[in-house]
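Engineer: sequence and predicted structure are below.
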Amino acid sequence: EVLMTQSPATLSVSPGESATLSCRASQSVNSNLAWYHQRPGQVPRLLIYAASTRATGVPARFSGSGSGTEFTLTISSLQSEDFAVYYCQQYNLWPLTFGGGTKVEI
Amino acid sequence: QVQLVESGGGVVQPGGSLRLSCAASGFTFSHYGMHWVRQAPGRGLEWVAFIRYNGSDKYYADSVTGRFTVSRDNSKDTLFLQMNSLRAEDTAVYYCAKDAATTRSFDYWGQGTLVTVSS
């Protein structure tokens, strides 16, 4: 199966700053990658699919890039509601797999 | 709007069985693939199973293959997960999630149902 590795495990950021999260696949997943975030006690929410396309209603401060094995999620000007755990997920091959997550904290 | 409501979770002994349901509304259920995703307490997300819109294809995580079976009833807009030979490591919140159609990502999620496997 495709192993997804996220880094860092925890990212400490101040409100208004930007954050860059990384996701690496053990083999190429082309652009078949999605990003989600999960606030404490809440359900995951789709942010990005096809590596760089924002899902419906997702603010423009979220941007995704990359292809193949290296992917990045950038959050510019962090808002209070952005402090959460972020997961990447590949859908290029079965079984579908998630990264272990990056916690973005204040 | 899209709603997914899971039910059927609870406490079960190791080796036991449980059947989860997910009632869908707000979209044409029979047009979309559906997934089950789980999250163990304090842990990350793990994809469990997928079923195509018409039930013709099913895929499973290695950890549940041979023990779990996904199915659907398009006449009742309902998704199911039959879980047999349950283990302690199956303890998790189980979410049903709608397939995003053009991609195998999950654009809508239910609130989840907790399954606890313990003696």
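Structural biologist: That came in fine, so what should we check first?
Engineer: CA atoms for contacts and neighbours, from now on please.
Structural biologist: Fine.
Engineer: report the central residue of chain B.
Structural biologist: The C-alpha lying nearest the average C-alpha coordinate of chain B belongs to B:Trp36 (C-alpha atoms, centre = their mean; 2.9 Å).
Engineer: that one - nearest residue in space that isn't next to it in sequence?
Structural biologist: B:Cys96 (4.6 Å; C-alpha to C-alpha, 6 or more residues apart in numbering or on different chains).
Engineer: which ones are touching A:Arg61?
Structural biologist: A:74-77 (C-alpha atoms under 8 Å, 6 or more residues apart in numbering or on different chains).
Engineer: rerun at 10 Å
Structural biologist: A:Arg61 sits next to A:18, A:54, A:74-79 when contact means C-alpha atoms under 10 Å, 6 or more residues apart in numbering or on different chains.
Engineer: as a markdown table, the residues you listed with pLDDT would be great.
Structural biologist: A markdown table is the format used below for those (pLDDT from 0 to 100):
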| residue | pLDDT |
| --- | --- |
| A:Ser18 | 95 |
| A:Arg54 | 96 |
| A:Thr74 | 97 |
| A:Ile75 | 96 |
| A:Ser76 | 93 |
| A:Ser77 | 91 |
| A:Leu78 | 93 |
| A:Gln79 | 93 |
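Engineer: before we move on, back to that, could you check how far the residue nearest to B:Trp36 is from A:Trp94?
Structural biologist: Counting by C-alpha to C-alpha, to the nearest Å, the separation of B:Cys96 from A:Trp94 is 18 Å.
Engineer: these two: who's more crowded?
Structural biologist: B:Cys96 (31 against 15; other C-alpha atoms under 10 Å in any protein chain shown).
Engineer: would you verify that B:Val48 is located in a strand?
Structural biologist: Yes. The assignment for B:Val48 by DSSP: H, G, I helix; E, B strand; the rest coil puts it in a strand.
Engineer: you'd agree it is up against B:Met83?
Structural biologist: No. B:Val48 lies out of contact with B:Met83 (C-alpha atoms under 10 Å); the separation is 11.0 Å.
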